[in-house]
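Enquirer: whatever this is, show me its structure:
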Amino acid sequence: MRVLLSTIGTRGDVQPVVSLATELRALGQDVRICAPPDFRDWIEGLAIPFVPIGPELRRTASPGPAAAHGRPSAERMRQLAEGTVAAQFATVPQAARDCDVIVAGGALQLAARSVAQTLGIGYVYASYCPISLPSRHHAPPPLASLGQSPEPGTADFRRLWAEDARHWDDTFGAALNAHRAAAGLEPVTDVRGHVFTDRPWLAADPVLGPWPEPADPDVVQTGAWILPDRRPLSPELTAFLAGGEPPVYVGFGSSRAPHDLARTAIAAVRALGRRVVVSRGWAELSLVDGEPDCLSIGEVNQQALFPRVAAVVHHGGAGTTTAAGRAGAPQVVLPQAYDQHYWAGRVQSLGIGSAHPPVEPTVDSLTAALRTALHPAVAARARIVAAGVRTDGAGVAVHRLLAARSRPAAP
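Expert: Here you go, the predicted model:
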């Protein structure tokens, strides 16, 4: 079986498809990954064929809240939509050549299903978060990147999802259908439904991110696609961990971070008498001084580190939330955009940490959130929840793919 795994996004979008790729290869299947060029070295280092798509994304993680980057004008949105659709139709067909199926992971996979239809091959859409899929139980996620935010506190979820669908159509419909016409395909009238299909997969853990309608046959929840990480911790980090009480980890991965987050977080951690490990990430978080209670690190094996920290302060990406949840580490989530608000709410409702309000943190506000997360009862609850987190999601997905290998693309 030959599989193209396609995604557009940051590390949290790419790592799950890398997990799926490794599971497929372990069963003797041929895979290739189509993803932003930022991840070429990592993926090719795993000996997985790689096809770059679109521009590098690292520059989008510059410090500052999402709101500071401004809302694009209608004309700019049109240009961005046309650009991303054109880039996908220019890249995905070649990447999918000789493949049997395309698995599209994460949002904005606008061309993949059309390419699958043109080639007469299978297509699967996978979301990493329940809230990104339509349901009568929740509102759409805040689509900050598309200039849209759902109204807070409303129970009229059907209306909000209808508005969300219209926004997809208005933003991407013309560009998508122009490329479909050029490929000899009929136009689509529901862009979001076309991308998601009538049976999307949900690659999220059932404990941390359950589908709100468990009996719903239209959503297949496989569990999170977790990539096993066997890298050792660096000698410097190992020595730091052994040199005192478990520290607090602060990191925003490949997401943007609030302005001056490192300074604020270090002050908050110190106010509680704790040590801190600061992950530089794409936001390039840095230490404020040379005191021995702080350590700066780069890319790290979270699966090895998180069980050894007192708490994890992060942005609320699906991957980091799952890694901390699996490790039993209390969490403080500072959501910035899209599904991060959902994960912050889940952490709080599960009792495994605290959700910082969606405003720029101060030393006092972050100290209060950390104090809650560091309470012994929260640590105990985090360990209980961790015991229920599944690790077989990628394997479940692979076996579903293999079972459906002869199924053609939906018309």
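Enquirer: can you give me the strands for the stretch 151-300 of the chain?
Expert: For the stretch 151-300 of the chain, the strands defined by DSSP state E, counting those that start in this stretch occupy 201-202, 220-221, 248-250, 276-279, 294-297.
Enquirer: any chance of those strands in JSON lines, plus distance to residue 139 and mean pLDDT?
Expert: Yep, even glycine has a C-beta here, placed from its N, CA and C like the rest. Output for the strands of the stretch 151-300 of the chain, formatted as JSON lines (distance: least, Cβ to Cβ, whole Å; pLDDT from 0 to 100):
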{"stretch": "strand 201-202", "distance to residue 139": "17", "mean pLDDT": "97"}
{"stretch": "strand 220-221", "distance to residue 139": "20", "mean pLDDT": "96"}
{"stretch": "strand 248-250", "distance to residue 139": "30", "mean pLDDT": "98"}
{"stretch": "strand 276-279", "distance to residue 139": "31", "mean pLDDT": "98"}
{"stretch": "strand 294-297", "distance to residue 139": "37", "mean pLDDT": "97"}
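Enquirer: deepest of those strands, which one?
Expert: Across these, averaging neighbours per residue (mean count of other Cβ atoms under 10 Å) puts strand 248-250 on top, at a mean of 28.
Enquirer: partner strands of it and their direction?
Expert: Neighbouring strands of strand 248-250 in its sheet, by DSSP bridges, are strand 276-279 (parallel), strand 311-314 (parallel).
Enquirer: follow-up on the earlier one: just send the strands of the stretch 151-300 of the chain back as CSV, with distance to residue 309 too.
Expert: Shown next, in CSV, are these (distance: least, Cβ to Cβ, whole Å):
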stretch, distance to residue 309
strand 201-202, 28
strand 220-221, 29
strand 248-250, 5
strand 276-279, 7
strand 294-297, 11
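Enquirer: which stretch among these comes nearest residue 338?
Expert: Set against residue 338 and scored by Cβ to Cβ, these come closest in strand 201-202, at 15.8 Å.
Enquirer: by contact count, what packs against that closest one?
Expert: strand 122-127, strand 220-221 (3 or more Cβ pairs under 8 Å, 6 or more residues apart in numbering; DSSP states H and E).
Enquirer: give the pairing partners of that strand; include direction for each.
Expert: strand 122-127 (parallel), strand 220-221 (parallel).
Enquirer: roughly how far out does the first one sit from the chain middle?
Expert: Relative to the centre of its chain, strand 122-127 is centred 16 Å away, using Cα atoms, centre = their mean, to the nearest Å.
Enquirer: now swap in stretch 29-40 and tell me
Expert: Centre to centre, stretch against its chain (Cα atoms, centre = their mean), the figure for stretch 29-40 is 16 Å.
Enquirer: for it, buried residues please.
Expert: Residues 29, 31, 32, 33, 34, 35, 36, 38, 39 are the ones in stretch 29-40 that count as buried (16 or more other Cβ atoms under 10 Å).
Enquirer: nearest to residue 46 among these?
Expert: residue 33 (9.3 Å).
Enquirer: and that closest one, that one's in a helix?
Expert: No: under DSSP: H, G, I helix; E, B strand; the rest coil, residue 33 sits outside any helix and is assigned strand.
Enquirer: name the nearest residue to it, ignoring sequence neighbours.
Expert: The shortest distance from residue 33 to any non-neighbouring residue, by Cβ to Cβ, 6 or more residues apart in numbering, is to residue 5 (4.9 Å).
Enquirer: and the worst-scoring helix or strand of the chain on mean pLDDT, what's buried?
Expert: Ranking every helix and strand in the chain by mean pLDDT, DSSP states H and E puts helix 74-95 at the bottom, with a mean of 87. Buried residues in helix 74-95, counted by 16+ other Cβ under 10 Å: 77-78, 81-82, 84-85, 87-89, 91-93, 95.
Enquirer: and whichever helix or strand comes after that helix, what does it pack onto?
Expert: Following helix 74-95 in sequence order, the next helix or strand is strand 101-105 (DSSP states H and E). In terms of contacts (3+ Cβ pairs under 8 Å, 6+ apart), strand 101-105 is packed against strand 2-7, helix 11-26, helix 112-119, strand 122-127.
Enquirer: quick one: mean pLDDT for the second one?
Expert: I take that to be helix 11-26. Across helix 11-26, pLDDT averages out at 96.
Enquirer: chain neighbours aside, what residue packs nearest to residue 37?
Expert: Closest to residue 37 by Cβ to Cβ, 6+ apart is residue 52, at 3.9 Å.
Enquirer: partners of that neighbour in the sheet?
Expert: Under the criterion used (DSSP bridges), residue 52 bridges to residue 35.
Enquirer: quick check: it touching residue 40?
Expert: Yes: using Cβ atoms under 8 Å, residue 52 is in contact with residue 40, at 6.0 Å.
Enquirer: what about the residue nearest to residue 37, how many residues nearby?
Expert: 17 (other Cβ atoms under 10 Å).
Enquirer: quick revisit: now the least confident helix or strand of the chain against strand 2-7, angle please.
Expert: 160 degrees (axes from the mean of the first three to the mean of the last three Cα atoms, to 10 degrees).
Enquirer: what angle separates helix 74-95 from helix 112-119?
Expert: Using the same axes, to 10 degrees, helix 74-95 lies at 40 degrees relative to helix 112-119.
Enquirer: and helix 74-95, how far from the chain's centre?
Expert: 21 Å.
Enquirer: hmm, who's touching that helix?
Expert: 4, 6, 8, 32, 34, 51-54, 72, 102, 108-112, 114-115, 118-119, 146-147, 171-172, 175-176, 179, 183 (Cβ atoms under 8 Å, 6 or more residues apart in numbering).
Enquirer: buried subset of those?
Expert: 4, 6, 8, 32, 34, 51-54, 102, 108-112, 114-115, 118-119, 146-147, 171-172, 175-176, 179.
Enquirer: excluding its backbone neighbours, what's nearest residue 312?
Expert: residue 324 (4.2 Å).
Enquirer: quick one, what contacts the one you found?
Expert: Residue 324 sits in contact with 302, 306, 312, 314, 331, 353, where contact means Cβ under 8 Å, 6+ apart.
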